[in-house]
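> Predicted model and sequence follow; I will ask about them next.
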Amino acid sequence: MAPPKYHIFVCANQRPPGHPKGCCSDRGGMSVLQKFSEVLNLKMAYDRMMISSTKSCLVPCQYGPVAVVYPDGVWYCRITSEDVEEIYQSHIVEGKPVERLLLPKEVFG
Ligand code: FES
């Protein structure tokens, strides 16, 4: 069995309530993660993508929920579960990242 073409890491980091940085979990990261898993199973897209959650912060917390798609190194920000089907169809199936959800380039300088 060949490895999937894409590996998607979804930030599911959880910080204590009141933490100044907040966290992706509190911004909806868990529902994004759940939706990616649903799409994976519904589309039986096992050859196309693999989904992993990160229990540690991916850094740009204020833009959360954050996900990164490898091997492209494409970062998505402020994703909602409603965006997941579009990311799947446009990026994972058609190879075109969803521009409106891209993390601003200046975040990583
Ligand atoms: S908590 Fe998700 S990027 Fe920091």
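Cool, the structure landed. Numbers count the residues shown, from 1 in each chain.
> So which bits of this structure are right by the ligand?
Contact residues (C-beta under 6 Å from any ligand atom) of the chain with the ligand: C11, N13, C23, C24, C57, L58, V59, P60, C61, G64, V66. Any C-beta I mention is one placed from the backbone N, CA and C, and that applies to glycine too.
> Which of these sits closest to G95?
Closest approach between the residues of the chain next to the ligand and G95, by C-beta to C-beta: V66, at 21.1 Å.
> Who are the contact partners of the spatially closest residue to that closest one that is not a sequence neighbour?
Excluding the flanking residues, the one nearest V66 by C-beta to C-beta, 6 or more residues apart in numbering is C11, at 4.6 Å. C11 sits next to C24, G29, S53, T54, C57, L58, G64, P65, V66, A67 when contact means C-beta atoms under 8 Å, 6 or more residues apart in numbering.
> Show me these that map onto strands.
The strands, defined by DSSP state E, take in S53, T54, A67 from those.
> can the residues you listed go into JSON lines with extra columns for pLDDT?
Converted to JSON lines, the ones in strands among the contacts of C11 look like this (pLDDT from 0 to 100):
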{"residue": "S53", "pLDDT": "97"}
{"residue": "T54", "pLDDT": "95"}
{"residue": "A67", "pLDDT": "98"}
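> out of those residues, which is most surrounded?
Top of these by neighbour number is A67, holding 30 neighbours under the definition other C-beta atoms under 10 Å.
> surely it meets R78?
No: using C-beta atoms under 8 Å, A67 is not in contact with R78, being 10.4 Å away.
> Have a look at the chain and report its longest helix.
Using DSSP state H, we find that the single longest helix of the chain is helix 29-42.
> Point me to the helix or strand that includes A2.
A2 is part of no helix or strand, with elements assigned from DSSP states H and E.
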